[in-house]
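Peer 1: Turn this into a structure:
(one chain, ligands or ions: 2)
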Amino acid sequence: MNIHEYQAKELFEKFGVATPKGKVAATAEEAGAAAREIGGTGLVVKAQVHAGGRGKGTFTNGFKGGVHVINTAEEAQEIAGKMLGQTLVTHQTGPEGKLVSKVLIAKSVDIAKEHYFAILFDRSTSRHAIIASTEGGMNIEEVAEKTPEKIIKEFVHPTLGLQAYQCRKIAAALGLRGALMTQAVKLFTALYKLYIQSDCSLVEVNPLAITTDNQVVALDAKFNFDDNALYRQKDIVTLRDTSEEDPREVAASEFGLSYIGLDGNIACLVNGAGLAMSTMDIIKFHGGEPANFLDVGGGASKDQVAAAFKIILGDPNVKGILVNIFGGIMDCNVIATGIIAAAQETGLSLPLVVRLEGNNVAAGKETLAQSGLAITGADDLTDAAQKIVAAVAAA
Ligand code: ADP
Ligand code: MG
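Peer 2: Residues are numbered from 1 along each chain as shown. Ligands and ions are numbered 1, 2, ... in the order given. Predicted coordinates for the structure are as follows:
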């Protein structure tokens, strides 16, 4: 799960991570009022979307930049008016962009230096890792690719936690001395506490700014939370904004299905994550492009299968469907009845290839055959992939 920058900054305040004062607004008038409330000159208006790269983004109405430094409440209102209700395209949103329905008005700071600082879970070492760099700002991806030696890494011991010496080591590597080091160590410690207590899998601060008056402040915030821990993070769950998520993924989560939308045109409905991944691989191997990852789980019901089918068909890019089921706990006949119910309800007209194997497979195949639907059977994975790729190519 992700959250917006303005929500992240509320968490920063709660945990004592230094960040400029800010206020969220949903209308241009609210933005003007927020600017007056924060007061003074030197403010920023920031589009709130679940994507980075906003500073260098462009709105579909031609307005440039999702982050603007301004000086008066009138300007805040004017700029917010140009952003709200518009779609912002950045290198992280994809070409379709993201609708901006809120802006953050915050105090602007005079930046002397932009660093990069992140805490994330590193699967290769099974440890939380601190990633930092003096090359912060808006091009960190390029830094990691072209000059990986400029990326500082520090791993956290699982039982000891982040140690003060490690914080000082990172601060020193960022060139921070004296009072700046003290502030940085305090900020890193607070951020790590926030990361652990909120079950985050990523907290990224880019830029971690050093101001001209020698303050260390977090200017941007990107959070990922571990979905498997959300059951014990009731406060975090309330921050979810489903309008920022793929509607297909939101619908799938309501039915307890694991669905991830992709760009291809061959939809897959599979039981088991490993089989779902190999199904995607074999579609690609035979020259097709999967439209999704979809795992209906080991013991799906007829209703879940029907729901999964409808989610697949809700994607206008889908030109064919491959159902690949290995019945272990799953009864193949349950899958067959779910497919038929969904196909009848939605008036399915796309090519559909079904490979069933395992538990009660004979009854499942019989049910499909008797349905009168135009379903192509397949005997194994290769056969199934070749048939669906050919059917989509012919359509
Ligand atoms: P994104 O990463 O989505 O582009 P950021 O929040 O990092 O958005 O903002 C982009 C840039 O705008 C930052 O690198 C920084 O230079 C500037 N900026 C952001 N917030 C402030 C602020 N409060 N004061 C001054 N400059 C800011
Ligand atoms: Mg940023």
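Peer 1: Please name the nearest non-neighbouring residue to residue 314.
Peer 2: With sequence-adjacent residues excluded and distances taken as CB to CB, 6 or more residues apart in numbering, residue 314 is closest to residue 248, at 6.1 Å. Bear in mind the C-beta positions are built from the backbone N, C-alpha and C, glycine included.
Peer 1: next one: residue 387
Peer 2: Of all residues not flanking residue 387 in the chain, residue 353 sits nearest, at 4.7 Å (CB to CB, 6+ apart).
Peer 1: Would you mind naming what in the chain lies close to ligand 1?
Peer 2: Contact residues, the chain versus ligand 1 (CB under 6 Å from any ligand atom): 20, 44, 46, 52-55, 67, 69, 106, 108-109, 111, 114, 137-138, 206-207, 219-220.
Peer 1: Repeat the analysis, applying 8 Å as the threshold.
Peer 2: Within the chain, the positions lying close to ligand 1 (CB under 8 Å from any ligand atom) are 5, 20, 22, 42, 44, 46, 51-57, 66-67, 69, 90, 106-111, 114, 136-138, 206-207, 209, 217, 219-222.
Peer 1: Buried subset of those residues, written for ChimeraX?
Peer 2: In ChimeraX, this line selects whichever of the residues of the chain next to ligand 1 come out buried by 16 or more other CB atoms under 10 Å:
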select :5,20,22,44,46,51,52,53,54,55,57,66,67,90,106,107,108,109,114,136,137,138,206,207,209,217,219,220,221,222
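Peer 1: ok, back up a step: so what's the residue nearest to residue 387 bridging to?
Peer 2: Listed by DSSP bridges, the beta-bridge partners for residue 353 are residue 322, residue 376.
Peer 1: Distance from the helix or strand encompassing residue 153 to the middle of the chain?
Peer 2: For residue 153, the host element (DSSP states H and E) is strand 152-155. Centroid displacement of strand 152-155 relative to its chain, using CA atoms, centre = their mean, to the nearest Å, is 24 Å.
Peer 1: And the contacts of it?
Peer 2: Contact with strand 152-155 is made by 122, 125, 127-133, 166, 169-170, 173-174, as judged by CB atoms under 8 Å, 6 or more residues apart in numbering.
Peer 1: just these now: which is nearest ligand 2?
Peer 2: Closest approach between the contacts of strand 152-155 and ligand 2, by CB to the ion: residue 133, at 12.8 Å.
Peer 1: Next, the nearest residue to that closest one once chain neighbours are set aside: secondary structure please.
Peer 2: Spatial nearest neighbour of residue 133, chain neighbours left out: residue 116 (4.2 Å); criterion: CB to CB, 6+ apart. Here residue 116 is recorded as strand under DSSP: H, G, I helix; E, B strand; the rest coil.
Peer 1: before we move on, back to that, okay, the strand holding residue 153 in CSV with CA atoms only?
Peer 2: Extracted in CSV, the C-alpha atoms of strand 152-155 (Å, rounded to 0.1, in the frame of the first residue of the first chain):
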residue,chain,number,x,y,z
ILE,A,152,26.0,4.4,0.1
LYS,A,153,24.5,1.2,1.7
GLU,A,154,24.3,0.2,5.4
PHE,A,155,22.5,-2.9,6.6
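Peer 1: what is the mean pLDDT for the helix or strand following that strand?
Peer 2: Downstream of strand 152-155, the next assigned helix or strand under DSSP H and E is helix 164-173. Helix 164-173 comes out with an average pLDDT of 98.
Peer 1: any idea which helix is longest in this protein?
Peer 2: Counting by DSSP state H, the longest helix found in the chain is helix 178-197.
Peer 1: tell me which residues in whichever helix or strand comes after that helix are buried?
Peer 2: Per DSSP H and E, helix 178-197 leads on to strand 200-211 as the next helix or strand towards the C-terminus. Residues 200, 201, 202, 203, 204, 205, 206, 207, 208, 209, 210 are the ones in strand 200-211 that count as buried (16+ other CB under 10 Å).
Peer 1: Okay, buried residues for the strand holding residue 153 please.
Peer 2: Residues 152, 154 are the ones in strand 152-155 that count as buried (16+ other CB under 10 Å).
Peer 1: now the longest helix of the chain against strand 200-211, angle please.
Peer 2: Helix 178-197 and strand 200-211 are oriented at 160 degrees to each other (axes from the mean of the first three to the mean of the last three CA atoms, to 10 degrees).
Peer 1: how far does helix 178-197 sit from the chain's center?
Peer 2: Taking CA atoms, centre = their mean, the mean C-alpha location of helix 178-197 is offset from the chain mean by 26 Å.
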